[in-house]
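A.B. asks: Generate coordinates for the sequence data below:
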Amino acid sequence: MSKRVSREAGCARVFSWIASLLLLAASSVFAADGDAVSPGVAPAREFERIAGIYAKDAPSQDVVDRLYDFMEKYPKDPRSDRVQLWVALTQQKRKFHNEAIKEFNFVITDFPGSPLVLQALRAQIDSYAAIEKPGNVAENYAKILEKKPADFAGDPAATAAYSHAVLFTANLYIQKKEVDPAIKLLLQLPSRTEAISRVVQTYIAFDRHEDALALIRRLPKEEKRLAYRLTLAAYSSRPGTANLFVLLNEVLTTEAPTAATDALIQQIAAAIGAKGPDDKDKVLRHIADKCERLRRWAHFGLCDLHKTELPRLVTFIGDYRTGADVEKVKVLAGELHESHGDAARAREAYWLLDSKPAAHFLVAATYYGKLAKAKDLPSGQKELTEIVKRFYSPAVSAEALLERADLESGLMAAPNSGIATLRELLDRFPKEEEIAVKAIFRLGSLLRVKKKQDEAIAAYERLVQDYAGSANAVRRALMEIANCHEEKNDTPRAVATYRLVIRKYPHTPEGSRAHTVLEQRYNVPDVDVSDR
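C.D. replies: Numbers count the residues shown, from 1 in each chain. Down below sits the predicted model:
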């Protein structure tokens with residue numbers, strides 16, 4: 001190691017250094033625990049002490065001096081390269097960039113075999129950039145490229161330095177529009193994901209699409225999928241679909257028929273379809289023609305796109321006969337008939353559904369639903385009642401009663417009938433918890449409109465008791481009970497119920513609202529609740 005002293009050290013440090021060398025030459029050094037160490041090598045405890053000073057103390061000249069003192073006292077310590085790097089980094093943190101550059105040079109020249117050389121070169125670049133010396137920056141990056149790490153995984157700092165050098169130099173080539181040397185460099189990036197990403201982006205940026213595809217063909221399977229996704233993302237962000245179709249045909253003609261390939265084809269089709277309905281039509285027709293295994297998927301997409309073309313819908317149903325997609329197309333056909341005002345044919349289409357409960361609900365809705373041109377509310381009510389009679393299942397019957405109650409209390413303007421239907425639901429199907437809870441809230445609302453708050457309270461209390469596991473519903477029901485008491489002008493019970501909500505459910509939205517009501521409406525202070 002070359003003899004070096006900081007500017008402030010002076011002659012005293014020189015004499016101290018000489019004295020240390022004489023002492024080391026005369027005898028061995030012993031660690032605090034009695035283990036011998038070689039002359040000029042620091043005991044472990046001493047190195048830990050100086051490492052702690054660098055890590056914990058604020059960057060200062062004192063830290064620099066202490067680091068130098070260590071190197072002078074232990075001139076043969078194998079960790080001196082690290083200590084020298086700490087000196088340079090300390091000066092850099094102090095923004096003494098010229099001094100830092102000199103200190104980094106000592107790492108580079110005095111320890112040429114050190115694994116810290118690349119890190120020193122990279123850190124030195126930051127100081128060169130700070131004092132605006134771009135030539136030196138480029139020179140350092142070139143030196144880093146010449147010292148490619150043998151093990152990327154084993155030395156993260158050196159690997160990061162090498163990656164920066166590759167990107168910097170490749171960018172210089174790209175600025176000069178020299179794509180091939182840039183690509184060659186980018187392929188040397190330690191991260192294969194980053195390498196492939198940047199190569200694909202570079203090729204596409206310079207409209208070298210064939211080269212991008214040629215690169216993809218040579219890649220291993222996993223890397224190829226990444227490259228396809230990157231290419232798809234790049235093309236999707238550009239106007240037009242020509243390159244997307246080129247990519248689609250590349251996948252269709254070169255990739256093995258797998259689930260992953262099919263998913264990629266569908267992603268490309270979605271990107272093309274997002275450009276507009278004409279493009280969506282074109283790509284789905286293309287896939288239907290070129291890819292047998294996705295033909296049915298494409299035909300279904302065309303049905304969904306062209307919902308008003310009844311012959312297409314009928315053909316799809318006839319060609320494929322069963323399946324979730326066929327069921328959806330049957331519904332599309334029924335909705336098309338409804339939109340044309342032909343309720344009878346709509347019902348015929350719905351009755352073709354494999355799920356008879358689903359068909360029955362759709363048939364019922366032809367009498368009162370949004371698509372029904374001529375409303376026939378009693379017939380709709382009758383169909384919903386028929387579902388209950390057919391008893392496809394408890395859940396289906398409960399759902400039909402809930403729908404019938406909504407029809408009766410809404411469009412039919414018969415709230416008493418709606419109330420009766422909801423009570424029937426709760427009596428017959430109490431175990432259908434999700435539907436029953438909905439029914440109770442709707443029943444409570446109807447009863448309150450009719451000024452029957454006590455009956456509404458009884459309904460809500462039934463929910464609290466019978467469906468205690470539905471915490472959200474229970475909290476809401478308690479708040480509705482409090483509201484009912486307020487509607488009856490029964491302030492004590494309203495306050496008591498709000499207090500109950502706060503006590504049982506303090507850290508909930510309902511608890512927070514109850515706190516606000518008590519404080520602002522009833523002037524009840526210091527109710528400890530927060531909403532979180």
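A.B. asks: quick one: residue 110 from residue 429, how far?
C.D. replies: 86 Å (C-beta to C-beta, to the nearest Å). Quick note: C-beta positions are derived from backbone N, CA and C, even for glycine.
A.B. asks: Quick check: chain neighbours aside, which residue is closest to residue 159?
C.D. replies: residue 152 (4.6 Å; C-beta to C-beta, 6 or more residues apart in numbering).
A.B. asks: Need phi/psi at the one you found.
C.D. replies: In terms of degrees, to the nearest 10, the main-chain angles of residue 152 are phi -60, psi -40.
A.B. asks: quick one: it from residue 511, how far?
C.D. replies: 55 Å.
A.B. asks: so residue 433 touches residue 474, yeah?
C.D. replies: No: using C-beta atoms under 8 Å, residue 433 is not in contact with residue 474; the gap is 12.0 Å.
A.B. asks: and for these two, which residues touch both?
C.D. replies: Common neighbours of residue 433 and residue 474 are listed as residue 467 (criterion: C-beta atoms under 8 Å, 6 or more residues apart in numbering).
A.B. asks: Settle it for me: which of these two has more neighbours?
C.D. replies: residue 474 (21 against 16; other C-beta atoms under 10 Å).
A.B. asks: can you pull the contacts of that one?
C.D. replies: Residue 474 makes contact with 463, 464, 467, 468, according to C-beta under 8 Å, 6+ apart.
A.B. asks: element containing it?
C.D. replies: helix 471-487 (DSSP states H and E).
A.B. asks: quick one: that helix to chain centroid distance?
C.D. replies: 37 Å (C-alpha atoms, centre = their mean, to the nearest Å).
A.B. asks: Check stretch 174-188 too.
C.D. replies: Its chain's C-alpha centre and that of stretch 174-188 lie 32 Å apart, by C-alpha atoms, centre = their mean.
A.B. asks: Residues contacting it, please?
C.D. replies: Around stretch 174-188, the neighbours that count as contacts under C-beta under 8 Å, 6+ apart are 148, 166-167, 169-171, 173, 195, 198-199, 202-203, 206, 208.
A.B. asks: Can you turn the buried part of those into a PyMOL selection?
C.D. replies: Buried residues among the contacts of stretch 174-188 (16 or more other C-beta atoms under 10 Å), as a PyMOL selection:
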select buried, resi 166+167+169+170+173+195+198+199+202+203+208
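A.B. asks: could I get the contacts of stretch 174-188 as CSV with secondary structure, distance to residue 406 and pLDDT?
C.D. replies: As requested, the contacts of stretch 174-188 are exported to CSV (DSSP: H, G, I helix; E, B strand; the rest coil; distance: C-beta to C-beta, whole Å; pLDDT from 0 to 100):
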residue, secondary structure, distance to residue 406, pLDDT
148, coil, 72, 92
166, helix, 66, 97
167, helix, 63, 97
169, helix, 70, 97
170, helix, 65, 97
171, helix, 65, 97
173, helix, 69, 96
195, helix, 60, 95
198, helix, 58, 95
199, helix, 60, 95
202, helix, 60, 96
203, helix, 59, 95
206, coil, 62, 95
208, coil, 62, 95
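A.B. asks: if I pick residue 339, what's in contact with it?
C.D. replies: residue 371.
A.B. asks: Actually, residue 234.
C.D. replies: Contact analysis of residue 234 by C-beta under 8 Å, 6+ apart lists 200, 201, 204.
A.B. asks: Give the burial count for residue 464, as a bare number.
C.D. replies: 16.
A.B. asks: What pLDDT does the model give it?
C.D. replies: Note for residue 464: predicted pLDDT of 97.
A.B. asks: likewise residue 505?
C.D. replies: 95.
A.B. asks: Let me know the distance separating it from residue 524.
C.D. replies: Separation of residue 505 from residue 524 (C-beta to C-beta) stands at 17 Å.
A.B. asks: cool, and residue 374?
C.D. replies: With C-beta to C-beta as the criterion, residue 374 and residue 524 are 56 Å apart.
A.B. asks: Between those two, which has more neighbouring residues?
C.D. replies: residue 524 (15 against 8).
A.B. asks: Adding distance to residue 49, write the contacts of stretch 174-188 out as CSV.
C.D. replies: Output for the contacts of stretch 174-188, formatted as CSV (distance: C-beta to C-beta, whole Å):
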residue, distance to residue 49
148, 36
166, 38
167, 39
169, 41
170, 43
171, 43
173, 48
195, 43
198, 44
199, 48
202, 50
203, 54
206, 56
208, 58
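A.B. asks: where along the stretch 251-400 of the chain do the helices fall?
C.D. replies: 259-273, 277-290, 295-305, 310-320, 324-339, 343-351, 356-365, 377-390, 394-409 (DSSP state H, counting those that start in this stretch).
A.B. asks: what packs against the third one?
C.D. replies: Under the contact criterion of 3 or more C-beta pairs under 8 Å, 6 or more residues apart in numbering; DSSP states H and E, the helices and strands touching helix 295-305 comprise helix 259-273, helix 277-290, helix 310-320, helix 324-339.
A.B. asks: Point out the most buried one among those.
C.D. replies: Between the helices and strands packed on helix 295-305, helix 324-339 has the highest mean count of neighbours, a mean of 20, where neighbours are mean count of other C-beta atoms under 10 Å.
A.B. asks: could you give the mean pLDDT of that helix?
C.D. replies: 97.
A.B. asks: Now do that helix: distance to the chain's middle.
C.D. replies: Centroid separation between helix 324-339 and its chain, computed with C-alpha atoms, centre = their mean, is 35 Å.
A.B. asks: If I take that helix and helix 356-365, what angle do their directions form?
C.D. replies: Put simply, helix 324-339 runs at 10 degrees to helix 356-365, going by axes from the mean of the first three to the mean of the last three C-alpha atoms, to 10 degrees.
A.B. asks: tell me the angle helix 324-339 makes with helix 295-305.
C.D. replies: Using the same axes, to 10 degrees: helix 324-339 against helix 295-305 is 20 degrees.
A.B. asks: Could you check the angle helix 324-339 makes with helix 310-320?
C.D. replies: 150 degrees.
A.B. asks: Kindly state which of the helices and strands packed on helix 295-305 is positioned closest to residue 59.
C.D. replies: Closest of the helices and strands packed on helix 295-305 to residue 59 is helix 259-273, at 51.1 Å (criterion: C-beta to C-beta).
A.B. asks: Which strands or helices does the closest one pack on?
C.D. replies: The contact analysis (3+ C-beta pairs under 8 Å, 6+ apart) places helix 259-273 against helix 221-236, helix 242-254, helix 277-290, helix 295-305.
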